[in-house]
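Enquirer: What follows is a predicted structure for the sequence shown.
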2 protein chains.
Amino acid sequence: MVAPWEEKATAKRGKLAASISKDYMIPESELPPADRLDVSQVPKEVLPKEVIEITDLTATEIVDAVATGKYSAVEVTTAFIKRAVLAHQLLNVFTEFFPEIALKRAAELDEYYKSTGKTVGPLHGLPISLKDQFRVKGVETCMGYVAWITNEPEKENSTIVDLLLNAGAVFFVKTNIPTSLMAAESRNCVFGQTVNAYNRTLAPGGSSGGEGAIVSMRGAPIGIGTDIGGSIRIPSSFSGVYGLKPSHERFPYLKVANSLEFSESIVSVDGPLAVSLPDLTLFSKALLAQEPWKHDPRVIALPFKDYEVPSRPLVFAIEVNDGLVTPHPPVLRAMKMVTEALKKAGHEVFEFKSYKPEEGLNLLYRAYTVDGGENIQGDLDKSGEPGIPDILPFIKGFKALTMSELFTFNKDKLEYKTAFLEYMNSARSPSGQKIDAWIRPTTVGASVPAGQLKIRYLGYTGLLNLLDYTSVVIPVTRADPAIDLPTPVPGNGLLKEIEQKTWEDYVPKDFANGPVGIQVIGGRLEEERMLAVAGVVEAALKV
Amino acid sequence: MVAPWEEKATAKRGKLAASISKDYMIPESELPPADRLDVSQVPKEVLPKEVIEITDLTATEIVDAVATGKYSAVEVTTAFIKRAVLAHQLLNVFTEFFPEIALKRAAELDEYYKSTGKTVGPLHGLPISLKDQFRVKGVETCMGYVAWITNEPEKENSTIVDLLLNAGAVFFVKTNIPTSLMAAESRNCVFGQTVNAYNRTLAPGGSSGGEGAIVSMRGAPIGIGTDIGGSIRIPSSFSGVYGLKPSHERFPYLKVANSLEFSESIVSVDGPLAVSLPDLTLFSKALLAQEPWKHDPRVIALPFKDYEVPSRPLVFAIEVNDGLVTPHPPVLRAMKMVTEALKKAGHEVFEFKSYKPEEGLNLLYRAYTVDGGENIQGDLDKSGEPGIPDILPFIKGFKALTMSELFTFNKDKLEYKTAFLEYMNSARSPSGQKIDAWIRPTTVGASVPAGQLKIRYLGYTGLLNLLDYTSVVIPVTRADPAIDLPTPVPGNGLLKEIEQKTWEDYVPKDFANGPVGIQVIGGRLEEERMLAVAGVVEAALKV
């Protein structure tokens, strides 16, 4: 017998499928066989040349092309719709698809451009993908929770959606996530598993995994994710794209659906994933030009301020290993590539250890579970769905804190953040210089086999959520079984058991071709500076 | 029989008294009789001319005089020690007095100046008074709680103390507060009642009432208070001095003692009270030049940025009455003075109503009581002291929230703040202009009779804590029984019962000579702009 929740989920999937017109789809017969794992190049094989021509552009190139009249917004939107649908056919990416809304919007933008000769803003005609959390008028939001399937379209936009519309963006699709968002995966009982473009047995990361997947296939030049422990950065790394996790209070998060939405113990932030580093800047600049602080009371009135990187050699604190769980060989190799490239480019690099990360992570888990999992469990119980086992660490075995326990937690958190800040400010390189950026892995490994609970440790990203630091992910390499050979379990990580299991997972062929990105990290509210410094790292890598 | 807590309190008072050398005191016989109420001019009558000459200067004038060698830091410190001790003799202001530490520090500053010809920073040689919450190495902190009397000197400074020392400040005294800080009074079971310089039957306000009292007597040119509902602004208004309540995350609050210290539901901020408006700027600029964000992880890296007031007429939204509790005649007169002065100076003023203040205040009280009063009651129970009845509204009749109730509170708070922000941003003057500043009373009345539970309503200040807006208090007038005549209870305030009682309190002669200051209010993190705009208001008043 099919449970009522399953019927509801099946119906929702059917509704999604019905929203995708055959006109946009590539016939089954022209798609690669299921056992073709790397589908990243399929678009170029099956889509018309003119679609590829547009969709291979970066966001920065697209807005230029539309602003100069080379392409219309409708042409650009149509091209991305097609490429995105193909991405969905190959990777199972969508949660909501609304091309009519998008094309109507694009036509209005074209009309405006035609009649005024001007663009409405810096993102005029740019298609942007959205994680399912973001609300779009006329579109549903179920966040992969069966209980949230209401068939009620939203009556208003999330604030960030409104502001990006003002800047000229076109929205056409929302993408997949894990149940509750509290996992670095993208699967749930409604929409199933999203997979990785570079190896379809692998996960695209999460929780903004649909965004990672769609951007990696250039089904959208920019996607918007959210991050409370790595949820922008892990999909950026696993899907081989660029990602920015800003600090809290920089970008608007108003009217965005969420689990644990009103906990203030640890706060989710939203930010872009993109096909190029300058696109992260384009997005941030355009968004802040909309003065989000006039709408979301949490946002600080800090306009985007171009940062010029000093011409002197920069100083990079390289933390290859956080001392808790040693990264896999592909990640160690990526860190080595970065280190050597920076050295070669004349920068100062030195081995760095962050301040007691085990304490920070302990606090992070306390923050995640302040309500004893009640909020998430409640949303599961409403429909009877089981959710996904990935999230059990956040809902089982905890009790909601009392107020007095919460105050103690707040005290411990402040003390740790204070100690960390003093540590960072007093840190000096061997030549006595202050640090310009801290570089560490994004995850322990390259993208992991999908749906197998193989993401065992999120400390490389999560610590930065606790600290509220800025982090930019740039892609570095892809796992190569021929060179990323397994070695004995290092066994020196403080989290011995997790390290042991993580290394037992490492069968090189199972990880083949999975992307690896690294984090370029700065302090709180240093978005401009870290985007610029990440450019220095990327330039060094490209030499 | 004397209760053990009383013995402890008496001993602490004895210790304070013993710390004040007779050399600094004015003999009992030269002091005015107890029935002389206005003692604001007593310093000029009983202190040596050279002491008055120095202590009548503003902070800005003092740092200039020391920097140019006119006075030494020791001379300045000695003068303020004398005037502060007199203030204490007249008003009962001190909680801790440490002239030896101050004079040693001042001598070191003089030595530095002598040997280098330079000052150590912009506050070189400036004596600053501290609310008892601020920790000073070698000095105790009991915050008026009997249970906190340990006779253990602090081993480290509050961060703001450290940073101001770097800037050249000299600390010599800490001042009185109400038990738990949750009252607009300044009395507790350890140090008793502090009274008002302009009428010793009146309260100096609170909770930073000792600071208001000492600054009003020019026992210190600048004092540092804290504010979670009006605790900088009410003493500024009641004591006739200038005060700045900054937004949270602007000034460092690290290692400052507090009640409800680690609640994040509503957060106390620290800021200056001063004898002149430019002194508030001097303080803010000097403090931010110390880059507090390198020490307190909550502080945003926003250096002080001089704000130039536009030369066009400014637009002032004047809220004489919040619609909940109508202010007393002296306050109505002060608001009228301000309105007319601004009009006369060519500015646009218009009558303004804030957005549903009753909802905001309801949220504020929920924020104050999230722990059901456990924290404060716990500190009372440790010694058995009764505390003061003023704080009962914050500890009796509440239950600590559950996590899920806290999330609901957070949701309600965010929604209100969002609605308020949209309301402020869309508000326009009759001529269609945006608001440059919002002006409202600081309190319902002029300073009230001390120790009689007559401060019944804190909505005029408290709402701005919930909103985290910037507020600058400037003194306007003093209550005058001859002109501030009683009228029938207006009876149109939403909070009928409080309004009724508040107006029954209004017996003009009981309020005689009590100062009245008004608030010049801007958005979040607008310290520079509001200090500058307050200057425009003050200039208009002085014409």
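Expert: Done, it's in.
Enquirer: residues contacting the spatially most central residue of chain A?
Expert: Nearest to the geometric centre of chain A sits A:I232, at 2.1 Å (CA atoms, centre = their mean). If you count contacts by CB atoms under 8 Å, 6 or more residues apart in numbering or on different chains, A:I232 has them with A:208, A:211, A:225-226, A:243-245, A:269-273, A:473. No exception for glycine: its C-beta is placed from N, CA and C like everyone else's.
Enquirer: and A:L103, what helix or strand is that in?
Expert: Element membership of A:L103 [criterion: DSSP states H and E] is helix A:99-116.
Enquirer: Buried by neighbour count: which residues of that helix qualify?
Expert: Buried residues in helix A:99-116, counted by 16 or more other CB atoms under 10 Å in any protein chain shown: A:P99, A:I101, A:A102, A:L103, A:R105, A:A106, A:L109, A:D110, A:Y112, A:Y113.
Enquirer: Just put those in TSV and tack on distance to chain B and pLDDT.
Expert: Listed next are those as TSV, based on distance: CB to the nearest CB, whole Å; pLDDT from 0 to 100:
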residue	distance to chain B	pLDDT
A:P99	32	98
A:I101	25	98
A:A102	27	98
A:L103	31	98
A:R105	24	98
A:A106	29	98
A:L109	26	98
A:D110	31	98
A:Y112	24	98
A:Y113	29	98
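Enquirer: What's the per-residue pLDDT of A:L421 here?
Expert: pLDDT, A:L421: 98.
Enquirer: helix or strand for the closest residue to it other than its chain neighbours, which one?
Expert: The shortest distance from A:L421 to any non-neighbouring residue, by CB to CB, 6 or more residues apart in numbering or on different chains, is to B:P297 (4.8 Å). Applying DSSP H and E as the criterion places B:P297 outside every helix and strand.
Enquirer: Would you mind listing the residues in contact with B:P297?
Expert: Going by CB under 8 Å, 6+ apart, B:P297 touches A:L414, A:K417, A:T418, A:F420, A:L421, A:L467, A:D468, A:R524.
Enquirer: Out of the residues you listed, grab the one that's most surrounded.
Expert: Counting neighbours by other CB atoms under 10 Å in any protein chain shown, A:L467 leads the contacts of B:P297 with 25 neighbours.
Enquirer: Contacts only, for that residue.
Expert: A:G360, A:K417, A:F420, A:R524, B:P297.
Enquirer: where does the stretch 301-450 of chain A come near chain B, residue by residue?
Expert: With CB under 8 Å from any CB of the partner chain as the criterion, the stretch 301-450 of chain A meets chain B at residues A:301-302, A:370-372, A:374-375, A:400-404, A:406-408, A:410-411, A:414, A:417-418, A:420-422, A:425.
Enquirer: Out of the residues you listed, which sit inside strands?
Expert: With strands defined by DSSP state E, no entry of those lies inside them.
Enquirer: Just the buried subset of those, please.
Expert: A:302, A:370-372, A:374-375, A:400-403, A:406-407, A:410, A:414, A:417-418, A:420-421.
Enquirer: you'd agree A:V63 is up against A:F283?
Expert: No. Using CB atoms under 8 Å, A:V63 is not in contact with A:F283; the gap is 10.4 Å.
Enquirer: Tell me the residues that contact both of these two, please.
Expert: Both A:V63 and A:F283 are contacted by A:L123, under the criterion CB under 8 Å, 6+ apart.
Enquirer: Neighbour count for those two, which is higher?
Expert: A:F283 (29 against 26).
Enquirer: Can you tell me the element the more buried one falls in?
Expert: In the assignment (DSSP H and E), A:F283 maps to helix A:277-288.
Enquirer: Going by contacts, tell me the helices and strands next to that helix.
Expert: The helices and strands touching helix A:277-288, judged by 3 or more CB pairs under 8 Å, 6 or more residues apart in numbering or on different chains; DSSP states H and E, are helix A:59-67, helix A:159-166, strand A:222-227, strand A:242-245, strand A:269-274, strand A:470-478, helix A:527-542.
Enquirer: which one of those lies closest to B:P481?
Expert: Nearest to B:P481, of all the helices and strands packed on helix A:277-288, is helix A:159-166, at 52.2 Å by CB to CB.
Enquirer: Give me the distance between the closest one and the centre of its chain.
Expert: 19 Å (CA atoms, centre = their mean, to the nearest Å).
Enquirer: so it versus helix A:277-288, what angle?
Expert: Calculated by axes from the mean of the first three to the mean of the last three CA atoms, to 10 degrees, helix A:159-166 forms an angle of 100 degrees with helix A:277-288.
Enquirer: nearest spatial neighbour of A:S431, skipping sequence neighbours?
Expert: In this structure, A:S431 finds its nearest non-sequential neighbour in A:E348, 6.0 Å apart by CB to CB, 6+ apart.
Enquirer: correct me, but the one you found touches A:I435?
Expert: No. Applying CB under 8 Å, one finds A:E348 not in contact with A:I435, separated by 9.6 Å.
Enquirer: Compare these two (neighbour count), which wins?
Expert: A:I435 (21 against 18).
Enquirer: ok, now which ones touch the closest residue to that one other than its chain neighbours?
Expert: Distances taken as CB to CB, 6+ apart put A:A317 closest to A:I435, at 4.6 Å, once the chain neighbours are dropped. Contact criterion CB under 8 Å, 6+ apart gives A:F350, A:F352, A:A427, A:S429, A:I435, A:A437, A:W438, A:I439 as the residues in contact with A:A317.
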